[in-house]
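1. Turn this into a structure:
(chains A, B and C)
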Amino acid sequence: MDSIVNILLPLWEWLPEYLQIFLWNLGKILLIMLPLMGAVAYVTLLERKVIGFMQVRIGPNRVGPKGLLQPIADALKLMFKEIIIPTNANKFLFLSAPMLSIGPALAAWAVIPFNGELVLADLNAGLLYILALTSMGVYGVLIAGWASNSKYALLGALRSAAQVVAYEIAMGFALVGVLMAGGSLNLGDIIAKQAGGFSNWFIIPLLPLFFVYFISGVAETNRAPFDVAEGESEIVAGFHVDYSGMAFAVFFLAEYANIIMISALTSLLFWGGWLSPFGDIGGILGNGFHWFLLKTVFFIFVFLWLRATFPRYRYDQIMRLGWKVFIPVTIVWLFVEAVMFVMQVGPWGA
Amino acid sequence: MSFTEIVFYAFSAIMITAALGVISARNPVHSALFLVLTFFATSGIWLLLEAEFLAITLVLVYVGAVMVLFLFVVMMLDINITVMRQGFIKYLPIGILVALVLVTQMVLLVGPENFGLSQFAEPALKAADYSNTRELGRVIYTDYVYPFEVASVILLVAIVAAIALTMRRRPETKYQTPIKQMMVKKSDRLRIVKMQAEEKQ
Amino acid sequence: MLENYLPVLIFICIGLITGAAMVVMGGFMLAPRRPDPAKNSPYECGFEAFEDARLKFDVRYYLVAILFIIFDLEIAFLFPWAIVLEDIGVFGVVAMGIFLGILVIGFIYEWKKGALEWE
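-> Numbering: from 1, shown residues only, chains lettered A, B, ... in the order given. Predicted coordinates for the structure are as follows:
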């Protein structure tokens, strides 16, 4: 062990400084990305298991003990599948669409704080950065739909884009409420404002915004019950109908990475992130990464639960909910919150 | 050359190449996507100037919203490319003339004699906890409140104009009102007529 | 401040590279490649594809996109306001109240005109 360190340390010091910085950051990024990829793979298994049990089935149970190796088998299968490029497709755009959809989904994790100290980039405009990257997600879908040159794909892409766009506004308004309460765009500061046990979490003063945010998140990721963009029974999976093999897998990864992202953000912004509900009492019940993980997993579970429970909404119902319910609700709540904030009443009392 | 300079030249190169792509691409969708890339590179350059809020808002508003609209339009309208290309040569001299005038004006206005380092000292680099957004917020809603309110009026005009230009009800579309369908009673639809039984022929 | 953005820049690059690497590795190195006219035709439930897939769409989609831009700008204005509300106090709330008030008029107009209707 010592000998390895003895060889590696001078080698590390011999590297020029910029390379050291680059490698150091690269290492940290991989430390976020690889567990995330693993989590994505196992969320797919979790989804099939959870929905299986909710429908009184067992779910996948053949590959490995209790089906635990299923995601790996799926990944291997997709890897060896041909990527079919339709004749009329725009080749370059067709292949770059999955890339454009996973890039922002991963890069948003750069500003997520995992506990008090662990954060890759402690941006002052962290939340703005996340909102900007989420708004990029629509490009993958639009380009995929257009480049495949297929009617179903185009229809799915359009629906998805119009829907994502409608819910992004509600989401943005909900975030403004969080900003007001947190007084900062920095995610670490927002968590710091929620310190001191459950009663200080933003979920209490911002309950309506929490619902708006989470439901918008479900709509934003095109998940059931808002999955008309994929509606397999009418437009056969929508924008990625012509994708196969790894190109499809990348879309799939991006979708699940976004689910985990929305769950993580919900727990950070409204449920105190890594903070313990009992205040900082130390030990396992004190603050720590495990609380963040627990809350995130719970919200991922809610995503799956929603899928197993609700039938798909009609498109006009989706648009009505986004524009006519969520936007008025958030505007009203923002106004109430601002007045309370300035008058120093309620949770903001002196 | 320092690292930030390398990044600056990289972003500038991407920006100029992409901007050339916007006007030279044959397919309008490609043009729109090149424009997205241009915005990205611009945002990178703004970040280098430590204009954090503006840089990210550029991506949020222009890339995330305006270009989505552009893409909607160019993707869904089947624009005839050959027709659009007609007259390219004919209009070329005028185009070059306008471009030259613009470039001259810009050089005169933002050239080094007005904005060079001799006119303004190089601003100091900001500390890591400096929040550009906060500084902006402090002045927009107090010192510049009047332009801020004017902005809302402009946005209102935009809403009204957009609706006035695009909203039209199609008389031939049939609408379904589920509520009405649910409330229907037998008596609304069905009329029972009493009549004499007819004799078998 | 800039040093905070270096990891972000690297992360964005890595994210895009990961996507590209997966497609290239999976699709062009490991997977077979046997094109066939029937297989490569766009999916249309087994029918021969007819007409061009790029059709004209309802203007309503454009309207939604335009309205989205306007509301997105509103959000961009709300963000700095929300974080400095503590400093600017009542004056800030009134300023934003007028701003949002004017835009709510637009929103009501939209609603009454039926621009949000989707049938």
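
2. Now find how far off-centre the longest helix anywhere in chain C is within its chain.
-> Ordering each helix of chain C by length in residues (DSSP state H) puts helix C:59-113 first. The chain centre lies 18 Å from the centre of helix C:59-113; the measure is CA atoms, centre = their mean, to the nearest Å.

3. what does stretch A:140-151 give?
-> In terms of CA atoms, centre = their mean, the centre of stretch A:140-151 is found 23 Å from the chain centre.

4. if you average pLDDT over that stretch, what comes out?
-> What stretch A:140-151 shows for mean pLDDT is 82.

5. same deal with stretch B:194-201?
-> The predicted model assigns stretch B:194-201 a mean pLDDT of 83.

6. Only C-alpha atoms, please: export it in PDB.
-> What follows is stretch B:194-201, C-alpha atoms only, in PDB (Å, rounded to 0.1, in the frame of the first residue of the first chain):
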ATOM      1  CA  LYS B 194     -97.900   7.000 -29.200                       C
ATOM      2  CA  MET B 195     -99.300   5.600 -32.300                       C
ATOM      3  CA  GLN B 196    -101.900   3.100 -33.300                       C
ATOM      4  CA  ALA B 197    -100.700  -0.400 -34.100                       C
ATOM      5  CA  GLU B 198    -100.800  -0.900 -37.800                       C
ATOM      6  CA  GLU B 199    -102.400  -3.900 -39.300                       C
ATOM      7  CA  LYS B 200    -100.400  -6.500 -40.900                       C
ATOM      8  CA  GLN B 201    -100.300  -6.100 -44.700                       C
END
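
7. Now that stretch: buried residues?
-> For stretch B:194-201, a neighbour-count test (16 or more other CB atoms under 10 Å in any protein chain shown) marks nothing as buried. Heads up, the C-betas are built off the backbone N, CA and C, glycines and all.

8. And for stretch A:260-280?
-> A:260-276, A:279.

9. Tell me which entries of the residues you listed lie within strands.
-> Using DSSP state E, no member of those sits in strands.

10. before we move on, back to that, can you tell me if the longest helix of chain C touches chain A.
-> Yes - Helix C:59-113 is in contact with chain A by CB under 8 Å from any CB of the partner chain, via C:61, C:64-65, C:68, C:71-72, C:75, C:78-79, C:82-83, C:85-86, C:89-90, C:92-93, C:96-97, C:100, C:104, C:107, C:111.

11. Which pLDDT value does the model give residue 22?
-> With no chain named, the answer covers chain A. With respect to pLDDT, A:Phe22 scores 81.

12. that's the wrong chain, I meant chain C
-> pLDDT for C:Met22: 83.

13. residue in chain C nearest to chain A?
-> Relative to chain A, the nearest point of chain C is C:Gly26 (2.7 Å; CB to the nearest CB).

14. That residue: how many residues sit nearby?
-> Each residue near C:Gly26 was counted by other CB atoms under 10 Å in any protein chain shown, and the total is 23.

15. how about the nearest residue to it, chain neighbours excluded?
-> With sequence-adjacent residues excluded and distances taken as CB to CB, 6 or more residues apart in numbering or on different chains, C:Gly26 is closest to A:Met246, at 2.7 Å.

16. Point to the helix or strand of chain B where mean pLDDT is at its lowest.
-> Counting by mean pLDDT, DSSP states H and E, chain B has its least confident helix or strand at helix B:81-85, which shows a mean of 63.

17. Chain C now?
-> None of the helices or strands of chain C scores lower by mean pLDDT, DSSP H and E than helix C:37-40, at a mean of 70.

18. all helices for the chain, in order.
-> Unless you meant another one, I'm taking chain A. Going by DSSP H, chain A shows helices at A:2-14, A:17-54, A:70-79, A:91-107, A:126-147, A:151-182, A:187-193, A:207-220, A:232-235, A:245-269, A:289-309, A:315-320, A:327-343.

19. Can you look at chain B instead?
-> Under DSSP H, chain B gives helices at B:3-24, B:28-48, B:52-57, B:67-76, B:81-85, B:88-110, B:112-115, B:132-140, B:145-166, B:178-183, B:186-189.

20. neighbouring contacts of the fourth one?
-> Think helix B:67-76. For helix B:67-76, contacts defined as CB atoms under 8 Å, 6 or more residues apart in numbering or on different chains pick out A:138-139, A:142, A:146, A:154, A:158, A:161, A:165, B:28-29, B:31-33, B:35-36, B:39, C:54-57, C:61-62, C:65-66, C:68-69.
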